[in-house]
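>>> just coords:
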Ligand code: ATR
C-alpha cells in the first residue's frame, strides 16, 4: 500500500543513530503536514540504485549521510553552490523532474553561530580542529563569512594539507600542536573531532591562551557539552554547542520537500536532548 502524503528519507550506512527522523517527523506533526520522513539503511553497493529509483518510489527527496555524500555528489543532475564547493551532497530534491543536490551543513553551521552570537561574522582568523567531512563544510561556511585565514589543524597533517589545497590561499594546514601558537589570534575555534571523548585521545593542547573574546564551537553534539566545550568554558570564553548545527541544517531540506520553514526552537531542541538522554 502506498504511503499517504509527502515522503522523504535519510539514507546512510549505518543510519539507525540518525536523529533526522525525530526532527522532521516532529515538524510534520507540528505543522499538520501529511507525510513521513524515515531512516533507510542503504549499503554502499546499493546507493546508486536507491538514488536512481527514489522518485519512482514516491520520494520527494531526502538527506544523505555517511558514507554516501560523495556518491550523491556525483549522481545528481545539478548542484547548489555549497554542495559544489564542499564536494558532497547531504540534501536531495527535484526541480522540473531533475535531481538536485545541495549541502546544508555549512548553512547549519553559520546559522547556529549567527543565532547564538551576534558577532561571529566579524572575525578574521579561525582555527578548525580536524580535517574530515564535517571540517570541509565548516571551512566553506567560515570563508563565506569573509574570514581572512582558516588554520586547519589535524593529527594527520597531510590530510589537512589536501583539504587546504582545494580551498586556496586563505586555508592553512598544520599539526594539532600549532594550536597553542595560533590561539592568541583566533576569533573562532571549531572542533570537528571526537578527541577528548571516551576511548579517544586527549587534546594535545589547552585553551589557556585563547583570546577573551574568542568563540568556541563543536560540530560534535553527543554529548552536548563535549570535552572541547568544557575546556572552553573552563577558560571562560563563549561556547556554542553543535546541536544547533544539526537542527539548522535540517531546515532547508524540510522547506524543499514540505513547503514550510520550520522553527528551530526550544521544543525541537529539547526533543533531541531527551532522545540523547535515553539509553539506546
Ligand atoms: P567527520 O566526517 O565527522 O569529520 P572523519 O572524516 O572520520 O569524520 O574525521 C574525523 C576527524 O577526527 C579527523 O580529522 C581525525 O584525524 P585524522 O585525519 O588524523 O584521522 C580526527 N580524529 C579522530 N580521532 C582522533 C584522535 N584520537 N586523535 C586525533 N585526531 C582524531
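Thanks, I have it. If you're wondering where the values come from, they're calculated on a predicted model, not measured in any experiment.
>>> Quick one: neighbours of residue 124, just the number.
12 (other C-beta atoms under 10 Å). Yep, even glycine has a C-beta here, placed from its N, CA and C like the rest.
>>> just checking, it touches residue 145?
No - with contact defined as C-beta atoms under 8 Å, residue 124 and residue 145 do not form a contacting pair (10.2 Å).
>>> Which helix or which strand is home to residue 128?
strand 125-129 (DSSP states H and E).
>>> tell me how far the next helix or strand along the chain from that strand is from the chain's mean position?
Moving toward the C-terminus from strand 125-129, the next helix or strand (DSSP H and E) is helix 133-144. Put simply, helix 133-144 sits 9 Å off its chain's centre (C-alpha atoms, centre = their mean, to the nearest Å).
>>> now check the next helix or strand after helix 133-144, is it near the ligand?
On the C-terminal side of helix 133-144, the nearest following helix or strand under DSSP H and E is strand 149-153. No - residues of strand 149-153 are not located near the ligand by C-beta under 6 Å from any ligand atom, the shortest gap being 8.9 Å.
>>> Please tell me how far the closest residue to residue 82 other than its chain neighbours sits from residue 13.
Nearest-residue entry for residue 82: residue 103, 4.3 Å, with adjacent residues in sequence omitted and distances by C-beta to C-beta, 6 or more residues apart in numbering. To residue 13, residue 103 is 19 Å away according to C-beta to C-beta, to the nearest Å.
>>> Comparing those two, which residue is more hemmed in?
residue 103 (29 against 16).
>>> you'd agree the more buried one is up against residue 90?
Yes - using C-beta under 8 Å, residue 103 makes contact with residue 90 at a distance of 5.3 Å.
>>> Residues in contact with both of these two, list them for me.
residue 83 (C-beta atoms under 8 Å, 6 or more residues apart in numbering).
>>> Looking at the protein, which residue is nearest the ligand?
Among the residues of the chain, residue 132 lies closest to the ligand, at 2.3 Å counting by C-beta to the nearest ligand atom.
>>> got the contact list for that residue?
Contacts of residue 132 (C-beta under 8 Å, 6+ apart): 159, 192-193.
>>> So which bits of the stretch 151-280 of the chain are right by the ligand?
154-156, 159, 192-195, 200-201.
>>> got any ranges where the protein has weak pLDDT?
1-2, 279-280 (pLDDT under 70).
>>> excluding its backbone neighbours, what's nearest the most centrally placed residue in the chain?
Centroid-nearest residue in the chain: residue 105, 3.9 Å away (criterion: C-alpha atoms, centre = their mean). In space, residue 105 comes closest to residue 137 once its chain neighbours are excluded; the distance is 3.6 Å by C-beta to C-beta, 6+ apart.
>>> burial of the one you found, as a residue count?
Neighbours around residue 137, by other C-beta under 10 Å: 29.
>>> correct me, but residue 249 touches residue 86?
No - with contact defined as C-beta under 8 Å, residue 249 does not reach residue 86; the gap is 12.0 Å.
>>> shared neighbours of these two, anything?
residue 105.
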